[in-house]
Each structure stands twice: as structure tokens, then as C-alpha cells.
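Student: Dropping the sequence and predicted coords here.
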Amino acid sequence: KQEVTQIPAALSVPEGENLVLNCSFTDSAIYNLQWFRQDPGKGLTSLLLIQSSQREQTSGRLNASLDKSSGRSTLYIAASQPGDSATYLCAVRPNAGNNRKLIWGLGTSLAVNP
Amino acid sequence: DTEVTQTPKHLVMGMTNKKSLKCEQHMGHRAMYWYKQKAKKPPELMFVYSYEKLSINESVPSRFSPECPNSSLLNLHLHALQPEDSALYLCASSQAADRVMGEAFFGQGTRLTVV
């Protein structure tokens, strides 16, 4: 059974720091992995999607990597800003069985302090 | 346009009321989803529609009734809800071609309070 874990659960950093959020999954048979951002009480914003054949994706100050064999993905945020404060969720789409169902981590709550 | 639009943004309803949540996307996606999210938890899948047909029902109580009138619209009809059904209800869509599932896009959610 696929399980997704995100570490740390919460993170507080001063503005300007580079930071790394971690996501690990137990079954490497994934179709893709997606990182989302969620502001309190709001919907989810898709940040980056990495297909299983890819190693990384970049968008602006964000870089996500994927190491399928070791069951790990990282989200790197460069030069963090207070506006980056949110909960970051990763989700994997299995490559077997019911792959319409995303499997979610519990998220990392990020606070970037001015 | 990568937008999924949900209405209303907020809804307060009594336990005897009937109401509906609406979701719309114009990205040509053929898979649409309803999720329920409680505070500080990840989204929990409720229903999946693929090509306007219900393909997954995650054992959701019958007081929640989904409907997909066409490829752009998804509704969730609510009747006789309980206070514990209060949550953020999220709609999402993705490309769907059998097992080829692309990026999932989410709406901003409907904050539902059952009194």
C-alpha cells in the first residue's frame, strides 16, 4: 500500500533563506508526483508536476526533484519570501491499480518571517 | 485558462436543507473529482467522473449525490447533512485517457458549514 510522508511537518524560516521540503513514498510504481500549495481555508494551487521519467522540474524560484528508485522528492524554494507562507502538499499518482486516486502526504506548514 | 471555478465560496445550511455545489472547467479535461478536506488534513477523495460517467465512489454516504451534466460541469447535491459534514469541498479536474492522467487542477473550494 502506497504511503506518502512529508518532513518536516512545520518549518519557520527568516526571509531570504533557501529551503528544502521533503516528500517520501513507499512504492516506486508511480505515474507522476505533484506538489501543491494551499493557503489557509483556500483551494490547492498546483506548483510542479514531475512525470516518473523525469528527474526534476523548475518554475521560477521553485525546483522539484524526483528520485523514484529511492522513493523521494524534494521541493527547493530559493530566496524565500513571506508570501511563500502556506502549506505545501505532495501527492503521487500510482502506476498500478486505481491510478485515478492521488495519494497524499500530510503537508509541510511553512512560515517565512519578515 | 487553467482555472477550475467553484460556487458558492461559502455555504451555511441546516440539516434539513437541500443545496448544491457547482464546479466548472474549460480546459477540456475529461476527469473531474470531488474532494472533502477537514482542517489540517489532506484532501479526501469522494467521487471521480471520467468522460461524464461516475467511475469511483469512495463509499460516500448517499446524502451526497454527484452529477456531471456535461464535460465542463460537475455538481454535488447535498441533502440531510450532518454537522460533521462541515468541511472544505474541493473540485478538481485532469486530462483523462484511460490510464494517462495528467496534472490535477483544483478549484478554490466551497467552505460548507452544517448547522
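Tutor: In hand now; what should we look at?
Student: what's the next secondary structure element after the helix or strand of chain B with the lowest mean pLDDT?
Tutor: Lowest on mean pLDDT, DSSP states H and E among the helices and strands of chain B sits strand B:100-101, with a mean of 56. Per DSSP states H and E, the first helix or strand lying C-terminal to strand B:100-101 is strand B:105-106.
Student: what lines up beside that next one in the sheet?
Tutor: Strand B:105-106 pairs in its sheet with strand B:87-94 (antiparallel), by DSSP bridges.
Student: could you give the mean pLDDT of the strand it pairs with?
Tutor: Average pLDDT, strand B:87-94: 95.
Student: Centre of the chain to it, how far?
Tutor: 5 Å (C-alpha atoms, centre = their mean, to the nearest Å).
Student: in the chain, which spans are strands?
Tutor: Picking chain A for this. Applying DSSP state E to chain A gives strands spanning A:4-7, A:10-14, A:19-25, A:30-38, A:44-51, A:56-59, A:62-67, A:72-77, A:86-94, A:103-104, A:108-113.
Student: ah, no, chain B please
Tutor: Under DSSP E, chain B gives strands at B:4-7, B:10-13, B:18-25, B:31-37, B:44-50, B:53-57, B:64-70, B:73-79, B:87-94, B:96-97, B:100-101, B:105-106, B:110-114.
Student: Check the ones you listed for me: which has the lowest mean pLDDT.
Tutor: Among the strands of chain B, strand B:100-101 carries the lowest mean pLDDT (a mean of 56).
Student: circling back: including mean neighbour count and distance to residue A:29, could the strands of chain B go into JSON lines?
Tutor: Bear in mind the C-beta positions are built from the backbone N, C-alpha and C, glycine included. Output for the strands of chain B, formatted as JSON lines (neighbours: other C-beta atoms under 10 Å in any protein chain shown; distance: least, C-beta to C-beta, whole Å):
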{"stretch": "strand B:4-7", "mean neighbour count": "18", "distance to residue A:29": "28"}
{"stretch": "strand B:10-13", "mean neighbour count": "14", "distance to residue A:29": "39"}
{"stretch": "strand B:18-25", "mean neighbour count": "19", "distance to residue A:29": "29"}
{"stretch": "strand B:31-37", "mean neighbour count": "23", "distance to residue A:29": "20"}
{"stretch": "strand B:44-50", "mean neighbour count": "20", "distance to residue A:29": "19"}
{"stretch": "strand B:53-57", "mean neighbour count": "13", "distance to residue A:29": "19"}
{"stretch": "strand B:64-70", "mean neighbour count": "15", "distance to residue A:29": "29"}
{"stretch": "strand B:73-79", "mean neighbour count": "19", "distance to residue A:29": "29"}
{"stretch": "strand B:87-94", "mean neighbour count": "25", "distance to residue A:29": "19"}
{"stretch": "strand B:96-97", "mean neighbour count": "15", "distance to residue A:29": "19"}
{"stretch": "strand B:100-101", "mean neighbour count": "16", "distance to residue A:29": "14"}
{"stretch": "strand B:105-106", "mean neighbour count": "20", "distance to residue A:29": "24"}
{"stretch": "strand B:110-114", "mean neighbour count": "18", "distance to residue A:29": "34"}
